[in-house]
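K.L.:
sharing a model prediction with you, sequence too.
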Amino acid sequence: MTNNNRSENMSNGNLSSPFRPKDRSGVRTIFDINHEKLGYEIVKSKDTYPFYTLLDKDAKILIKAHLEFYSSDFEIHNDTIKFCDLLICWIHDLAETKIPVLELSEAVLHHVKSPPLENKTGFRIILESDGVKIEEIPLSPKEWIENEIENDVKKLEKDIVDINLFFDAFTNPFRVKMLGRLMENEEFTLSFSDFLSELDMNPKSVREHAVKLIDAGLLGAPKRGKYLLSEEAQAKFILGGLALPKLLRILEEHGW
């Protein structure tokens, strides 16, 4: 069930957000900024359920509201559903719900801290899962939500050691070949001897490069003589080793 009246209010309103939320606390901040524009008065706010007791100014009634980043996260806490009147979320990814859902992302992303749609001519990366848009990342600082690029640069500075470890994994052809062979294996596993024979590497080289890959989060520590490329490591390899170079080539082809 979607709260259609609120959706109309959101599409017609002028909602604001200084950032894109990453978790439930961020969703709370955005709702706090915009609750009056959405037709609600906050009567009570808590850190546990019910997160809000709200006055619905249209219906003139008090309601209890729950907060989640994804609406599907609410299923984890479905013991509270019989006490909940409204689910507030950033992304509504459920086909059906038993209570009204207030999805904040569409309105916020289309109304503020971003240029008008007709001016958005730069490249953008859209991340989807099962047809649901999770994130949209502009590749131009002019299109970034205000203050977000500054915060992300600060995070980059803090994470620079881990980032260096990650990208250093792709600077050696043997490490790239090791990851490639693991990706080709049906079980995403290879033994120490497999690397020796298939890649014509010596034992010292296998050990040194394996440690580099483990430190970068691209390879699991050997178990029962086997190295494993986990699902997370597979995604990281595709992102850093395959997708990123492909994106750079596309940008170059389009004159960037």
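P.N.:
It's in.
K.L.:
buried residues in stretch 95-103, which are they?
P.N.:
Buried residues in stretch 95-103, defined by neighbour count with 16 or more other C-beta atoms under 10 Å: 97, 99-103. Yep, even glycine has a C-beta here, placed from its N, CA and C like the rest.
K.L.:
first to last residue in it, what's the distance?
P.N.:
With C-alpha to C-alpha, to the nearest Å as the measure, the ends of stretch 95-103 fall 13 Å from one another.
K.L.:
then stretch 185-196?
P.N.:
Stretch 185-196 has an end-to-end distance of 16 Å (C-alpha to C-alpha).
K.L.:
ok now that stretch, how far from the chain's centre?
P.N.:
Relative to the mean C-alpha coordinate of its chain, stretch 185-196 is positioned 31 Å out (C-alpha atoms, centre = their mean, to the nearest Å).
K.L.:
give me the contacts around it.
P.N.:
Surrounding stretch 185-196, the residues in contact under the criterion C-beta atoms under 8 Å, 6 or more residues apart in numbering are 178, 181-182, 198, 201-203, 206, 210, 222, 225-230, 234.
K.L.:
drop anything exposed from those residues.
P.N.:
Members of those that pass the buried threshold by neighbour count (16+ other C-beta under 10 Å) are listed as 178, 181-182, 201, 206, 210, 222, 227-229.
K.L.:
most widely separated two among those residues?
P.N.:
In terms of C-beta to C-beta, the buried ones among the contacts of stretch 185-196 reach their longest pairwise distance at M201 and L228, which sit 18.3 Å apart.
K.L.:
quick one: pLDDT of the nearest residue to P222 once chain neighbours are set aside?
P.N.:
Leaving aside its sequence neighbours, P222 sits nearest to F192 (C-beta to C-beta, 6 or more residues apart in numbering; 7.0 Å). pLDDT recorded at F192 is 91.
K.L.:
how many neighbours does F192 have?
P.N.:
Counted with other C-beta atoms under 10 Å, residues neighbouring F192 total 15.
K.L.:
do the same with K155
P.N.:
Residues near K155, counting by other C-beta under 10 Å, number 9.
K.L.:
how far away is it from K22?
P.N.:
In this structure, K155 and K22 are separated by 10 Å, where distance is defined by C-beta to C-beta, to the nearest Å.
K.L.:
cool, K236 as well?
P.N.:
19 Å.
K.L.:
more neighbours, those two?
P.N.:
Between K236 and K22, counting by other C-beta under 10 Å, K236 is the more crowded of the two (18 against 11).
K.L.:
if we can go back for a sec, what about the contacts of stretch 185-196, which are in helices?
P.N.:
Secondary structure defined by DSSP state H assigns 178, 181-182, 198, 203, 206, 210, 234 of the contacts of stretch 185-196 to helices.
K.L.:
return the member of those nearest to Y52.
P.N.:
Distance from Y52 was checked for each of those by C-beta to C-beta. The minimum falls on Q234, at 39.9 Å.
K.L.:
distance check, L104 against R28.
P.N.:
Distance of L104 to R28, computed by C-beta to C-beta: 10 Å.
K.L.:
which residues of the protein fall in strands?
P.N.:
Secondary structure of the chain (DSSP state E): strands at 40-45, 52-56, 61-70, 86-91, 101-103, 124-129, 132-138, 189-191, 226-228.
K.L.:
need the winner for burial among these.
P.N.:
Mean neighbours per residue, mean count of other C-beta atoms under 10 Å, is largest over these for strand 86-91, with a mean of 24.
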